[in-house]
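Asker: This is a predicted model, with the sequence first.
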Amino acid sequence: MTDLRNNAPRRYFVDAGGQRVLIGLTLEETFEFERLDSQPVANLEDRRVVRDKGVLWPVTGEQRWQELYAKHEGAWKALDSSESR
């Protein structure tokens with residue numbers, strides 16, 4: 001699903017309230033996903049992430065981010081497959 005200029009597909013839609021929302025998520029889930037997505041990438045083996053000059057801090061929200069991403073990705077794939085028919 002790219003447009004004629006070969007741009008990446010849009011994974012957002014504008015809801016009835018005029019808010020930009022990720023496909024398959026609610027407005028609140030979109031906000032939560034974007035907040036979690038802005039955190040550094042986690043090292044899942046020791047449940048820590050490198051921040052501030054190599055200091056390890058505990059990972060927070062990694063599992064929730066994965067849940068929200070899976071929900072969004074599932075809805076995106078369903079939409080993509082229905083549009084390609």
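Answerer: Structure's in. What do you need? Quantities reported herein were computed from a predicted structural model and do not represent experimental measurements.
Asker: check contacts around residue 71.
Answerer: 24-25, 29 (C-beta atoms under 8 Å, 6 or more residues apart in numbering). (Glycine included, C-beta is placed from N, CA and C.)
Asker: Out of these, which end up buried?
Answerer: Buried members of the contacts of residue 71, counted by 16 or more other C-beta atoms under 10 Å: 24-25, 29.
Asker: Columns distance to residue 62, secondary structure and pLDDT on top of these, output as CSV?
Answerer: Output for those, formatted as CSV (distance: C-beta to C-beta, whole Å; DSSP: H, G, I helix; E, B strand; the rest coil; pLDDT from 0 to 100):
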residue, distance to residue 62, secondary structure, pLDDT
24, 20, coil, 95
25, 17, coil, 96
29, 16, helix, 96
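Asker: Mind listing what's buried along the longest helix along the chain?
Answerer: For the chain, the helix with the greatest residue count under DSSP state H is helix 62-83. Residues of helix 62-83 classed as buried by neighbour count (16+ other C-beta under 10 Å): 62, 65, 68-69, 71-72, 76, 79.
Asker: of all those residues, which comes closest to residue 13?
Answerer: residue 79 (9.5 Å; C-beta to C-beta).
Asker: does the closest one really touch residue 23, like I thought?
Answerer: Yes: contact criterion C-beta atoms under 8 Å: residue 79 and residue 23 qualify, at 6.0 Å.
Asker: In stretch 24-39, which residues are buried?
Answerer: Judged by neighbour count using 16+ other C-beta under 10 Å, the buried positions of stretch 24-39 are 24-25, 29-30, 32-33, 36.
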